[in-house]
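Enquirer: structure of the sequence below:
(one chain, ligands or ions: 1)
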Amino acid sequence: MLRSVNPATGEQIAVHEELSPTALERKLDLAASAFRRWRETSLQDRADLLGNIAYCFEENKDALARMASLEMGKTYRSANAEVEKSAAGFRVYAERGPDMLAPRMQPLTGGGTAETRWLPLGPVLAVMPWNFPYWQVVRFLAPAIMAGNVGLLKHASIVQGVAGLLEEMVLAAGAPEGLFQNLAIRSSAVAAIIADDRVAAVTLTGSEGAGKSVAEAAGRNLKKVVLELGGSDPFIVMPSADLDAAVKQAVTARIQNSGQSCICAKRMIVHADIYDAFLERFADGMRRVKAGDPFDEASDMGPLSSLEQRDTVLKQVEEAKALGATLLFGGEAPEGPGAFLSAGVLTDVPLDSPLMAEEIFGPIAMVFKAADLDDAIRIANDIPFGLGSSVWTRDEAEQEQFIRRIEAGMTAVNQMLASSPEAPFGGIKRSGHGRELGPYGMHEFMNLKTIMHP
Ligand code: NDP
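Expert: Prediction:
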């Protein structure tokens, strides 16, 4: 049984039956046969389906958003924005997909021509997390459908209501049976599915631990894997930055989704000359953040996704204090039901502490002082992760230094980092490998066929 619990109240919403081995077997068969048919469809047919799915998302926006807020606690406002972004994502691949799949001809020095064509690979298993329960799936699904692949979803156990709605939307849009199926299974069932001959590849977004298990199973079976894991992104502010804009976006970048995003800015690294001014204003902004009912317009953030997630963050805050960090305020769990946690700020976290190798998945910011640009880059890179980063400076030479030297898959300049349907997304180091989105994301799960012509 997979339980959905409202993290704002602690009340059980639903209990979802797990897939039996026989039902799972049927779904894998169906995926394999759906792929044999879907790979033969025209790009226009695929684009039409993506457009219809986008329409279904928009038509059912309220029901979809409500389910996400109920199951994992994000504000209803942000859940609506996520559904809209998901619809936009389907449209982007409908419109730009054909270009991304265009064949290329290369004249060969020895005579003749090599043609390259992008062909689909087969059923792709997506192991996805609860934090953006629609958008994380769309990032994989929209390019996969356009590519001619079919999708199997192992969604996080706590968002099976969302998983069911995703499947419903795709079917309501007119997708053939088996094109996209939700597998209501536990994580312990994933390795056997990766090993199954009917599954061509696997993509995972989630923790390092889950990434290692999935990569191991994929490696053992020589299957392609894309991993989008955690991060502890730096947000670097230099003296020439627009301080008002930087402070405002630093707060948003840390508390969005109750701090539960892989690309939340988790470490504010501030030049010594503006450190005090930044800290004062940033702390003020963080103090004002209101955690409350996700359906209340006045709430800046809802609860964390579960009591277990909150316990993890509370433990990390205690660990930081024990290591000599200063908790300026926040990081408190209020009395009463729900997994609420107040936004907080930590300073003086020792750079060699074990906490630097962890992801704080909650609204707690760490602030560091950097002597100069080199020092800021040193602090930024001194972690095992390499997902995103945000740099604030009006100096173009400094911008270039950051872009070239920060060890991360993504750098946003004078803005907080956010994903977009068109831009490749992913990291290096222990944040994973491979890319989602854009042509690069689409091509991860395709066969680049070389055709030799005389
Ligand atoms: P997990 O990584 O455990 O969950 C993500 C997905 O992976 C879920 O579908 C989960 O299934 C599945 N999964 C977990 N373990 C395995 C495994 N061994 N083999 C195959 N699949 C697996 O994240 P949690 O929800 O436990 O969160 C823990 C931490 O992970 C967070 O505090 C955060 O640091 C990080 N995280 C990062 C995310 C990101 O966007 N990069 C998103 C979510 C979490 P099930 O739900 O059934 O366990």
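Enquirer: what sits closest to Pro143 if chain neighbours are left out?
Expert: Met442 (3.8 Å; C-beta to C-beta, 6 or more residues apart in numbering). Every residue, glycine included, has its C-beta placed from N, CA and C.
Enquirer: what residues does that neighbour make contact with?
Expert: Residues in contact with Met442 (C-beta atoms under 8 Å, 6 or more residues apart in numbering) are Tyr93, Gly97, Met100, Leu101, Trp118, Pro143, Met146, Ala147.
Enquirer: would you mind measuring from it to the ligand?
Expert: Distance of Met442 to the ligand, given as C-beta to the nearest ligand atom, to the nearest Å: 20 Å.
Enquirer: that residue is in what secondary structure piece?
Expert: Assigned by DSSP states H and E, Met442 belongs to helix 438-443.
Enquirer: for that helix, output the C-alpha coordinates as PDB.
Expert: What follows is helix 438-443, C-alpha atoms only, in PDB (Å, rounded to 0.1, in the frame of the first residue of the first chain):
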ATOM      1  CA  GLY A 438      16.500  20.900 -25.000                       C
ATOM      2  CA  PRO A 439      17.800  18.900 -27.900                       C
ATOM      3  CA  TYR A 440      20.500  17.400 -25.600                       C
ATOM      4  CA  GLY A 441      17.900  16.100 -23.200                       C
ATOM      5  CA  MET A 442      15.800  14.600 -26.000                       C
ATOM      6  CA  HIS A 443      18.900  12.900 -27.600                       C
END
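Enquirer: check the offset of it from the chain's centre.
Expert: Averaging C-alpha positions (C-alpha atoms, centre = their mean, to the nearest Å) puts helix 438-443 16 Å from its chain's average.
Enquirer: could you tell me which residues of the stretch 101-250 of the chain lie near the ligand?
Expert: Of all the residues in the stretch 101-250 of the chain, those in contact range of the ligand (C-beta under 6 Å from any ligand atom) are 127-129, 131, 154-157, 186-187, 190, 205-207, 210, 213-214, 228-230.
Enquirer: filter the residues you listed down to the buried ones.
Expert: For those, a burial check counting by 16 or more other C-beta atoms under 10 Å picks out 127-129, 131, 154-157, 190, 205-206, 210, 213-214, 228-230.
Enquirer: what segments of the stretch 351-454 of the chain are helices?
Expert: Applying DSSP state H, counting those that start in this stretch to the stretch 351-454 of the chain gives helices spanning 373-381, 396-405, 438-443.
Enquirer: got TSV for those helices, with mean pLDDT too?
Expert: Formatted as TSV, the helices of the stretch 351-454 of the chain follow (pLDDT from 0 to 100):
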stretch	mean pLDDT
helix 373-381	98
helix 396-405	98
helix 438-443	97
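Enquirer: that older thread, in strands, which of the contacts of Met442 appear?
Expert: Trp118 (DSSP state E).
Enquirer: now rank the contacts of Met442 by neighbours and give me the top one.
Expert: Pro143 (31 neighbours; other C-beta atoms under 10 Å).
Enquirer: which residues does it contact?
Expert: Counting by C-beta under 8 Å, 6+ apart, Pro143 touches Tyr93, Gly97, Met100, Glu436, Leu437, Gly441, Met442, Phe445.
Enquirer: ok, those vs the ligand, which is closest?
Expert: Among those, Glu436 lies closest to the ligand (C-beta to the nearest ligand atom), at 11.1 Å.
Enquirer: quick one: that closest one from Ser4, how far?
Expert: 26 Å (C-beta to C-beta, to the nearest Å).
Enquirer: three-state assignment of Ile269?
Expert: Following DSSP: H, G, I helix; E, B strand; the rest coil, we place Ile269 in the strand state.
Enquirer: what score does it have for pLDDT?
Expert: Looking at Ile269, its pLDDT is 98.
Enquirer: can you check Thr116 too?
Expert: Per-residue confidence (pLDDT) for Thr116: 98.
Enquirer: did I read that right, it in a strand?
Expert: Yes. Counting by three-state DSSP, Thr116 is part of a strand.
Enquirer: give the bridge partners for it, please.
Expert: Beta-bridge partners recorded for Thr116 (DSSP bridges): Arg104, Thr450.
Enquirer: contact partners of the host helix or strand of Ile194?
Expert: Taking DSSP H and E as the definition, Ile194 sits inside helix 190-195. The set of residues external to helix 190-195 that reach it, using C-beta under 8 Å, 6+ apart, is 24, 28, 125, 127, 152, 154, 183, 185, 199, 202, 213-214, 216-218, 220-221, 223.
Enquirer: in it, what's buried?
Expert: Applying 16+ other C-beta under 10 Å to helix 190-195 flags Val190, Ala191, Ile193, Ile194 as buried.
Enquirer: what parts of the stretch 251-400 of the chain come near the ligand?
Expert: Neighbours of the ligand within the stretch 251-400 of the chain, by C-beta under 6 Å from any ligand atom: Cys262, Gln309, Thr312, Glu359, Phe361.
Enquirer: can you give me the strands for the stretch 1-150 of the chain?
Expert: Secondary structure of the stretch 1-150 of the chain by DSSP state E, counting those that start in this stretch: the strands cover 2-5, 12-16, 104-107, 113-120, 123-127, 150-154.
Enquirer: what does the stretch 201-350 of the chain give?
Expert: Here the stretch 201-350 of the chain has its strands, by DSSP E, counting those that start in this stretch, at 201-205, 224-228, 233-237, 265-271, 326-329, 344-347.
Enquirer: ok and the residue in the stretch 301-450 of the chain nearest the ligand?
Expert: For the stretch 301-450 of the chain, C-beta to the nearest ligand atom, closest residue to the ligand: Phe361, 3.4 Å.
Enquirer: next up, the contacts around Arg117.
Expert: Pro103, Leu448, Lys449, Ile451.
Enquirer: could you find the closest non-adjacent residue to the last one?
Expert: To tie it back to what came earlier, the one meant is Ile451. In this structure, Ile451 finds its nearest non-sequential neighbour in Glu115, 4.2 Å apart by C-beta to C-beta, 6+ apart.
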